[in-house]
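Enquirer: how does the following fold in three dimensions:
(chains A and B)
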Amino acid sequence: MKLLKPTWVNHNGKPIFSVDIHPDGTKFATGGQGQDSGKVVIWNMSPVLQEDDEKDENVPKMLCQMDNHLACVNCVRWSNSGMYLASGGDDKLIMVWKRATYIGPGTVLGSSGKLANVEQWRCVSILRSHSGDVMDVAWSPHDAWLASCSVDNTVVIWNTAKFPEILATLRGHSGLVKGLTWDPVGKYIASQADDRSLKVWRTLDWQLETSITKPFDECGGTTHVLRLSWSPDGHYLVSAHAMNNSGPTAQIIEREGWKTNMDFVGHRKAVTVVKFNPKIFKKKQKNGSSAKPSCPYCCCAVGSKDRSLSVWLTCLKRPLVVIHELFDKSIMDISWTLNGLGILVCSMDGSVALLDFSQDELGDPLSEEEKSRIHQSTYGKSLAIMTETQLSTAVIENPEILKYQRRQQQQQQLDQKGSAARETGSATSVTGVVNGESLEDIRKNLLKKQAETRTADGRRRITPLCIAQLDTGDFSTAFSNSIPLSGSLAGTMLTSHSSPQLLPLDSSTPVPFGTSKPSTEPVAATGTRPVGDSVSKDSVNAAAAPAAPSPILTTPSKIEPMTAFDSRFTERSKATPGAPALAGLTPTAMERLKEQSLVKELRPRDVLERRAKPSSLSKRKLELEVETVEKKKKRRPRKDSRLMPTSLSVQSPAALTAEKDAVCLSVPAAALKLPMPGPQRAFTLQVSSDPSMYIEVENEVTAVGGIKLSRLKCSREGKQWETVLTSRILTAAGSCDVVCVACEKRMLSVFSTCGRRLLPPILLPSPISTLHCTGSYVMALTVTATLSVWDVHRQIVVVKEKSLHSILAGSDMTVSQILLTQHGIPVINLSDGKAYCFNPSLSAWNLVSDKQDALAQCADFRSSLPPQDAMLCSGPLAIVQGRASTSGRQAARLFSVPHMVQQEATLAYLESQVAAALTLRSSHEYRHWLLLYVRYLVNEGFEYRLREICKDLLGPVHSSTGSQWESTVVGLRKRNLLKELLPVIGQNLRFQRLFTEFQEQLDILRDK
Amino acid sequence: MAKVSVLNVAVLENPSPFHSPFRFEISFECSEALADDLEWKIIYVGSAESEEFDQILDSVLVGPVPAGRHMFVFQADAPNPSLIPETDAVGVTVVLITCTYHGQEFIRVGYYVNNEYPNPELRENPPPKPDFSQLQRNILASNPRVTRFHINWDNNTDRLEAIENHGPALGCGFPLSCTPIKGLGLPGCIPGLLPENSMDCI
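Expert: The predicted model follows:
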C-alpha cells in the first residue's frame, strides 16, 4: 500500500467536505469552503498518481474551480456516466455541472496566481427545493435519479431526465438527514439522519421500507456528515455513526430482513463516512495453494472523526489496514477509484490523501459480468443490474424505459448536432473570431463600436458586445423529452419498440426500476476510453469492433423475442445469396451489415458516434433501425432486386449512346451467340440532345427501276443530310463526329457528320449485334461475341476482333450493357455486376468494376471526401459502377469491421478505383480518385505510398534522356496534379517534410 | 448563484498621464438573460484616510444583457484633482470598479494605483503643491482584488435583498489599511453570509 498526501490539493486551507473521483479516473472533484463562498474544484488525477506528471509544469493540476455556491459545499458527486457533476451546499442548492466544450481556458478574475481554468464546467441546472443545507447527493445506478438530503429532514428525488422535476420527497426523518446511498440493484435508497435512525426507502413507490433505530439509540448528533454505503453485491448496507456498547461502530445491516448483527468496531470516535469499493473481489489464487473456490468478498473503507481511516475486507475479521494521524481533523469523505485499488480521502483540515493498494492486498476484482451474475443470481433479473451487453438484447419491460430510451436517442442526436455546432463554434471561439473578426480587432475598436445611448434620465447606457453565445439551452434540450419525435424513423422505432413489449414476459421478473441507462464503466475498463479530445480513431474502433457483433450472437440463447429477430435474419440471408464473407466476420454479423447498409439515415457522424461509443444503447438503436428497415422491406419487397440492372445516368455522351442502345443482350454466354437486331422497316435514333442530332433510317425505299434502297437521314441542329445504301440497315449509331450504320451482309459503313462516306464498307467477321460510336471511335460487337473498335479518323484499329470468350466463358452471364469511352476503350458490363474494359495497350481485359466487391463494401473514405463535390464525379467509371450505390452503403458497415481490415480494404478499393479510372483513360475521374486516395493516405498516415505517388508525379527534376517518365497521365500534367496534392499532404503535420521536399523540387522546376 | 460573473478586466492605456481618462475593458459572462441593466461604477479613492474623498468617476448602465459572454469598454474621466487632498495626490491609492444589479453590488474589483512623477527630478524634489499635469498614473493591473457578494438576482424582493442592500453601503468606504493580505476585501461587511459550518471542528 502506498500513501500520498498531495499538498497542492487544497482549498487554501479551508475545509474540504467532499471528494469524488470521476468515473473515467482522469479527474476528481473536491467540494468545500471557499474564500467567501462554497467552492468546487476539479483536479487532474494524473499528477496525484504519477510523480512525473506532478513535477511537469505542463500538466495542469487544477482543471476548474467553481465559486458559484453561495456557501460551503458539502457534497460533490459525479454521475455514473461522468457527464455531470452534482454539488450540494449550505446555500440549500444543488447545482448540476456539465463541461462546456466551446470555450477555451479562462481565468478566475482576481484569484491569486492567475490560475487558469483548463476545463470549463458550467452549471446547467440549479435544483431548489430544500429549505436547509444540502448535506449529501447521490446519483442512482444508471443516472436515472438524483437524490439529495438536507437538514430540512427530507430526501428529494430528482428526475435527471427533466431537471428540476421532483419525483418524490421522502419525509419521515425527524432530524437532519446527512447521508444517502443507493442500492446497487436500484431497488432501494437508504438515508441516515441525526434522528438516530437509518431509513430504507423503496424506489418502486418511494415509500419507507424499514427504519432502523436500534444501533443508533446511543448516538448523539455530533457528526457533520453520516455518509453510509451499500456494498456492491447489494448484500450489506453499512451505516455511518452507530454505537455498540457505548463504542462507536459502523453498523452492518443485512439486506435479508434488515438484520443488524454485525458491525465494524474500533474507531474511537464517531464514524463519519463509509465507502464500499465498487469492485467485488475474490482471493488471488496463488500457485501451490489448494485451489478451493473462495467466496467473493467486498472491501470497505471507513473514516471517522478520530481522524483515522480503516479498510476492511468482508472476508476478514480484522481490518486490512488502519491509518492513524493521517489528518488533523475529521475525515469527511472517501472515494474509490474505478479499478478499486485506490482511494482518495478528504478531511476537515483541508487536505486530501491518496491510498494506493496492490492487487495482492485486495484480491482479484471480479469483472462486470461476474458482478452482474452475482446480482442476477441474488436478485433475479432486473434492469438496474443489467450490464451493457445484456441491456442491448433485453426486452423492454416498462413504458418508462421506452420513453427514456427515446429521450436518450434524441439526446444522442442532439448531442451530435450540438457537437457539430460546437465544433464550428469552438473553432471560432478558440481562434477568438466573432463574425470573421478576430477578438483582437474587436478589442481595438470596442470603444468606438460599442453602442452607447442615453436613458430617459440622461444616464449613459452601454450595450455590451456579445462575444460568445452560451449554450444555456444545453441541459434542457439534452435532458428534456419535449422534443417531438421527428420523421418516420422515429415512428417506426416506436412501433418496433412496442412490439416486443407485447410479447410474453417472465411474470416473476420484478420491475423495480423505471429507467435505465447503459453504464460506461465497461468502456473505461477496457482502457481505451480516450482522454480528452485526442480520440485515437484506431483504438476506439478496435475496441468497438469486437463488441458490436456480440449482442446478435448472444441473442438466440437468451431471450425469446429476440429469436424473432434472428429468424428474420436468416430469412434475409436466403434472400441475398452469394454474399462474399468478410474476413473475421460471422455470417450473422455479415447479414447485419447488409441490413444496416440499407439504412439511409446513416451518416458518417452517426457511424463515428457509434464507433466512438460502443455503448449498448447505440447497439440497441442499431438493432431497432435494422428492424425498421426490415419493416420497410416488407412493404415493398425485393426492391433491391430492381436495382440490380444498371440504370444509366444521362450525363455524358457516352452514357447517352449506351442508353439509346438499350438492347439488352441476353443470349447465354456458353453459346456465345449474341442477339442480332432484326431488320426493321424504319427506325429513328437520337444521337444526342445537345446538339440535337437524329438519325432516321428507312429501309427498302423503292427507288427508280425497282431497286430497293435504304435511306439514311441525319439531322443535326436543323441541318439535314441524307444518303442511300444498297442493303438494309440493321442498326445505326452516331456521335458528334461520325455516323455509322451496319447493314445486312455484314457491311459497316461510316459517314462524316455531313454525310460524306469516310470509308468503303467494312466487312465484319460475322453479323452485327451492337454498334457504338463515341467521338471518332466506332465499336462493333458481332453476334459471335467478337469486338472491334476502330478510330475512323486516323483510320487505325484500336481493338481487333477481340473475343469476349474470356469474360463470358464458363457461366451463363449475359452482356447487360456496353459502352465506349471517348478514348475508344470498350467497357462491357456483365449481368453478374462485373465490368471489364479492354485495354488496347495491354491487349487484355481489365476488371474495372465489381458490384459485389467486398472491398467496395467495407471501404470507408468518406472522411477523405471533399465536402462539396462529394460524389459529383461523372465519367465512364461512374457509369459502369453506378455512382449512387457506392456511396450509401460503405460507411454503414464499418463500425463492426476491425479498423485494420477496413483501412486495408479502403486502400485497396481506392487503389483499384484509381487504376480503373486510369485504364479507362478518364482523366476527370482519375484526378478525383487520386485526390481521394491521397487524402485517405494523408488521413491515415501512409507515408511510403504517398512518397511513391509524389515521386511518380514529380518525375526527374533534372531531365535526362534515358528517362522513361511521361510528363502527363491521361492528359493531365503530372506536376500540376502534384501541385494539387501537396496542400492536401501538408494538412497532416506528419508529412510536413514530404510536403516541403516536393514543394521545393516543384519550385526548382518552376524556376527553370 | 450569481447570474453574472466577471471574466476579465483589462486595464487599457496604462500607465497614462494623470488627466487621461480611465479605460477598462470588462468581459463578463451571464448565465441567464437579465431583466434589467447592470450598473457599473468607477470609484476613485482620493484618500485612503477617508471615504469622504471618494469620487465616483462615472456610472453607466450596461444592457440589455442576454445569456452569453459580453464585453465593453468602460471609460471614465480622470478624477477631479481639486477633490484630492494634496498630501494624497502622489503615492498609492485605489480605484474600484463595482457592479450592481437592482441596486445590489455583487462584485467589486479594486486596483492599486500609483501616482508618481516620471521625471526623476520632480520625483526627488516634488513641488509642494502637486503638479497633476506632470503626474503619471500607473494601475497595478496584474493584481486586481476581487470581492464578490451574493445578491438576490430574482425579481421577488425578499429579506435577502434588504440585507444585501446594506452591503455596498457599508462597504463603500472600505478602509484600505484594514487588511493588507485581503487587500480590498471587506471583512465583516456581510457577516450574515458567512457560512456556518463550523460544527464539526473537533
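
Enquirer: tell me what the lengthiest strand in chain B is packed against?
Expert: Ranked by residue count and defined by DSSP state E, the top strand of chain B is strand B:104-116. Contact here means 3 or more CB pairs under 8 Å, 6 or more residues apart in numbering or on different chains; DSSP states H and E; on that basis strand B:104-116 packs against strand B:4-12, strand B:91-101, strand B:136-139, strand B:145-148, helix B:159-171. The C-beta positions use only the backbone N, C-alpha and C, and glycine is treated the same way.

Enquirer: enumerate every residue touching residue 138.
Expert: Since you didn't name a chain, this refers to chain A. A:77, A:146-148, A:180-182, A:189 (CB atoms under 8 Å, 6 or more residues apart in numbering or on different chains).

Enquirer: was after chain B, sorry
Expert: Applying CB under 8 Å, 6+ apart, we find residue B:138 in contact with B:14-15, B:113-116.

Enquirer: ok, back up a step: so which of the contacts of residue A:138 belong to strands?
Expert: Using DSSP E, A:77, A:146-148, A:180-182, A:189 are the members of the contacts of residue A:138 that sit in strands.

Enquirer: shouldn't residue A:853 be in contact with residue A:909?
Expert: Yes. Counting by CB atoms under 8 Å, residue A:853 touches residue A:909, with 7.3 Å between them.

Enquirer: all the helices of the stretch 251-400 of chain A, residue numbers only.
Expert: Under the criterion DSSP state H, counting those that start in this stretch, the stretch 251-400 of chain A contains helices at A:359-362, A:368-379, A:388-393, A:399-431.

Enquirer: least reliable of these going by mean pLDDT?
Expert: Mean pLDDT values for the helices of the stretch 251-400 of chain A show the minimum at helix A:388-393, a mean of 40.

Enquirer: picking up where we left off before, out of the helices and strands packed on strand B:104-116, which gets the lowest mean score?
Expert: helix B:159-171 (a mean of 38).

Enquirer: state the distance from the most centrally placed residue in chain B to residue B:41.
Expert: Note on chain B: the residue nearest the mean C-alpha position is residue B:96, at 1.8 Å, using CA atoms, centre = their mean. For residue B:96, the distance to residue B:41 (CB to CB, to the nearest Å) stands at 8 Å.

Enquirer: and residue A:832, by the same measure?
Expert: Going from residue A:832 to residue B:41 by CB to CB gives 83 Å.

Enquirer: more neighbours, these two?
Expert: residue B:41 (20 against 16; other CB atoms under 10 Å in any protein chain shown).

Enquirer: tell me who's in contact with residue A:259.
Expert: Counting by CB under 8 Å, 6+ apart, residue A:259 touches residue A:253.

Enquirer: show me where chain B dips below the pLDDT cut-off.
Expert: For chain B, the stretches flagged by pLDDT under 70 are B:1, B:155-202.

Enquirer: switch the cut-off to 80
Expert: Where chain B drops to pLDDT under 80, the residues are B:1-2, B:31-32, B:48-49, B:154-202.

Enquirer: and the residue of it closest to chain A?
Expert: Residue nearest to chain A within chain B (CB to the nearest CB): residue B:146, separated by 2.7 Å.

Enquirer: what sits opposite that residue in the beta ladder?
Expert: On the basis of DSSP bridges, residue B:146 is bridged to residue B:109.

Enquirer: that one and residue B:99 touch, don't they?
Expert: No. Applying CB under 8 Å as the test, residue B:146 and residue B:99 come out as separate, 11.1 Å apart.

Enquirer: identify the contacts common to those two.
Expert: By CB under 8 Å, 6+ apart, the residues touching both residue B:146 and residue B:99 are B:6, B:107-108.

Enquirer: show me how to select, in ChimeraX, the buried members of these.
Expert: Burial among the shared contacts of residue B:146 and residue B:99 is assessed by 16 or more other CB atoms under 10 Å in any protein chain shown; the matching ChimeraX selection reads:
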select /B:6,107,108
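
Enquirer: of the contacts of residue A:138, closest to residue A:750?
Expert: residue A:146 (83.5 Å; CB to CB).

Enquirer: show me the contacts for the residue nearest to the closest one when sequence neighbours are not counted.
Expert: Leaving aside its chain neighbours, residue A:146 sits nearest to residue A:158 (4.4 Å; criterion: CB to CB, 6 or more residues apart in numbering or on different chains). Residue A:158 is in contact with A:94, A:127, A:145-148, A:164-167, counting by CB under 8 Å, 6+ apart.

Enquirer: got it, and residue A:42?
Expert: Counting by CB under 8 Å, 6+ apart, residue A:42 makes contact with A:27-29, A:62-65, A:85, A:119, A:121.

Enquirer: drop anything exposed from those residues.
Expert: Looks like these have A:27-29, A:62-65, A:85, A:119, A:121 buried, using 16+ other CB under 10 Å.

Enquirer: what ranges does the stretch 801-950 of chain A have for its strands?
Expert: With strands called from DSSP state E, counting those that start in this stretch, the stretch 801-950 of chain A shows them at A:815-820, A:826-830, A:834-839, A:844-850.

Enquirer: of these, give the one that comes closest to residue A:54.
Expert: Of all the strands of the stretch 801-950 of chain A, strand A:844-850 sits nearest to residue A:54, with 57.8 Å by CB to CB.

Enquirer: list the helices and strands the closest one packs on?
Expert: Using 3+ CB pairs under 8 Å, 6+ apart, strand A:844-850 sits against strand A:834-839, helix A:876-881, helix A:899-919.

Enquirer: so which of these is the most packed in?
Expert: Most buried of the helices and strands packed on strand A:844-850 by mean neighbour count (mean count of other CB atoms under 10 Å in any protein chain shown) is helix A:876-881; its value is a mean of 27.

Enquirer: circling back to that earlier point, what's the farthest-apart pair in the contacts of residue A:42?
Expert: A:62 and A:85 (14.7 Å).

Enquirer: which of the contacts of residue A:158 tops the neighbour count?
Expert: Going by other CB under 10 Å, residue A:94 tops these with 28 neighbours.

Enquirer: nearest spatial neighbour of it, chain-adjacent residues omitted?
Expert: residue A:127 (4.0 Å).

Enquirer: who's in contact with the one you found?
Expert: Each residue near residue A:127 by CB under 8 Å, 6+ apart is listed here: A:93-96, A:146, A:148, A:156, A:158, A:163-164.

Enquirer: how about low-confidence regions in the stretch 151-300 of chain A?
Expert: Confidence mapping of the stretch 151-300 of chain A against pLDDT under 80 gives the ranges A:220-222, A:283-295.

Enquirer: which bits of it sit near chain B?
Expert: The stretch 151-300 of chain A has residues A:222-225 near chain B, with proximity defined as CB under 8 Å from any CB of the partner chain.

Enquirer: quick one on the thing from earlier: isn't the residue nearest to the centre of chain B right up against residue B:112?
Expert: No. Using CB under 8 Å, residue B:96 makes no contact with residue B:112, being 10.9 Å away.

Enquirer: now for residue 27: which residues touch it?
Expert: By default, I'm working from chain A. By CB under 8 Å, 6+ apart, residue A:27 lies in contact with A:21, A:42-45, A:63.

Enquirer: you looked at the wrong chain, it should be chain B
Expert: A:467, B:6-10, B:69-71.
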